[in-house]
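Enquirer: this one's sequence-less:
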């Protein structure tokens, strides 16, 4: 299948170039953004709940999840494929369900039925509702669904029927490239999740504002390619290896040396303020890293000259051949 559960990379300290904003310290002042045309608003930084499955201490997991909400983040993204993630969200923060927009993913892993079928999606929604201990799911994605399956249309219809039944609020797709384009052209799909970063800009032309779909960004940090002395070649680091290759080719460190002390912050600001983007998902076990990400995004967009230089360098290096990394 197309999805992978990736090991977490330890994030370095993110130096801030401005006084920490009250946005990450006072939930009442944290701004939200419209989620496409859906009746939802999301914080510009969301929590990707994929990296804490290795934490065995349930008290620590509960403190992390409740801490996310206490910071003022109102978007939590999980998936059937993220180990114990859905079950732990249900266990630890179901009592705070009204405080957050819940996003998860379907299409595989239901006992007794084939993956990528109407029945698999239908039963997957039912299973997720029970596991997450909720009466509704706000955003339900098809998780890296293959193009030939999307072409049949039955999995999109399963989501649309779940929306009609009040079990989902928004039918969504998570993926890249031609599959993403197919999903965006489907009127049943109200939001998408895709990779956008300094080293992965191919999907940007597909998600301009005005289409009406909400857009969630994953992998905004390009696998921390700038922090690696050598190319990662572990089996789990397939995406990270490709990001490293692109980072070397783009030479952004030489082009923009003034960003050398804070590539993480620049990466987040670049992704968060692309036209049409609703929220950037940060997957981490550390509330400190999450607060740092929020403070960085609170600084606003990168200067136009810097933003433009990054975009042009990607186009020059990609030559139309760099697709979204799956």
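Expert: Done, it's in. Keep in mind that this is a model prediction, so the values were computed, not measured.

Enquirer: tell me the contacts of the residue minimising distance to the centre of the chain?
Expert: Nearest residue to the geometric centre of the chain (C-alpha atoms, centre = their mean): residue 218, 3.2 Å. Residue 218 makes contact with 48, 174, 193, 194, 195, 281 under the criterion C-beta atoms under 8 Å, 6 or more residues apart in numbering. Glycine gets a C-beta too; all of them are placed from N, C-alpha and C.

Enquirer: Out of those, which is nearest to residue 109?
Expert: Nearest to residue 109 among these is residue 174, at 14.7 Å by C-beta to C-beta.

Enquirer: host element of the residue nearest to residue 99 when sequence neighbours are not counted?
Expert: Once flanking residues are discounted, residue 99 sits nearest to residue 69: 5.4 Å by C-beta to C-beta, 6 or more residues apart in numbering. According to DSSP states H and E, residue 69 maps onto helix 58-70.

Enquirer: Describe which strands whichever helix or strand comes after that helix pairs with in its sheet and in which direction.
Expert: Counting by DSSP H and E, the next helix or strand C-terminal to helix 58-70 is strand 75-77. Next to strand 75-77 in the sheet, as set by DSSP bridges, lie strand 45-48 (parallel), strand 101-106 (parallel).

Enquirer: Which parts of the helix or strand following strand 75-77 count as buried, going by neighbours?
Expert: Sequence-wise, the next helix or strand downstream of strand 75-77 (DSSP H and E) is helix 85-93. Neighbour counts over helix 85-93 (16 or more other C-beta atoms under 10 Å) mark 85, 86, 88, 89, 90, 91, 92, 93 as buried.

Enquirer: now, which of the residues you listed sits nearest residue 158?
Expert: residue 86 (18.3 Å).

Enquirer: The nearest residue to that closest one once chain neighbours are set aside: how many residues sit nearby?
Expert: Counting by C-beta to C-beta, 6+ apart, residue 131 is the residue found nearest to residue 86 once chain neighbours are left out, at 4.5 Å. Residues lying near residue 131 (other C-beta atoms under 10 Å) number 19.

Enquirer: ok, residue 131 touching residue 84?
Expert: No - between residue 131 and residue 84 there is no contact under C-beta atoms under 8 Å: 9.6 Å.

Enquirer: Any buried residues in the helix holding residue 69, and which?
Expert: Here helix 58-70 shows 61, 64, 65, 68, 69 as buried, counting by 16+ other C-beta under 10 Å.

Enquirer: sorry, back to before: show me which pair in the contacts of residue 218 is furthest apart.
Expert: Maximum distance among those (C-beta to C-beta): 13.4 Å, for 48 and 194.

Enquirer: Tell me which of these two has more neighbours.
Expert: Under the criterion of other C-beta under 10 Å, the comparison of residue 48 against residue 194 puts residue 194 first, with 26 against 22.

Enquirer: picking up where we left off before, return the set of residues that bridge with the residue nearest to the centre of the chain.
Expert: Here residue 218, judged by DSSP bridges, has bridge partners residue 195.

Enquirer: What is the nearest of the contacts of residue 218 to residue 259?
Expert: Using C-beta to C-beta, the contacts of residue 218 come closest to residue 259 at residue 195, 20.5 Å.

Enquirer: Count the neighbours of the closest one for me.
Expert: Residue 195 - counted by other C-beta under 10 Å - has 25 other residues nearby.
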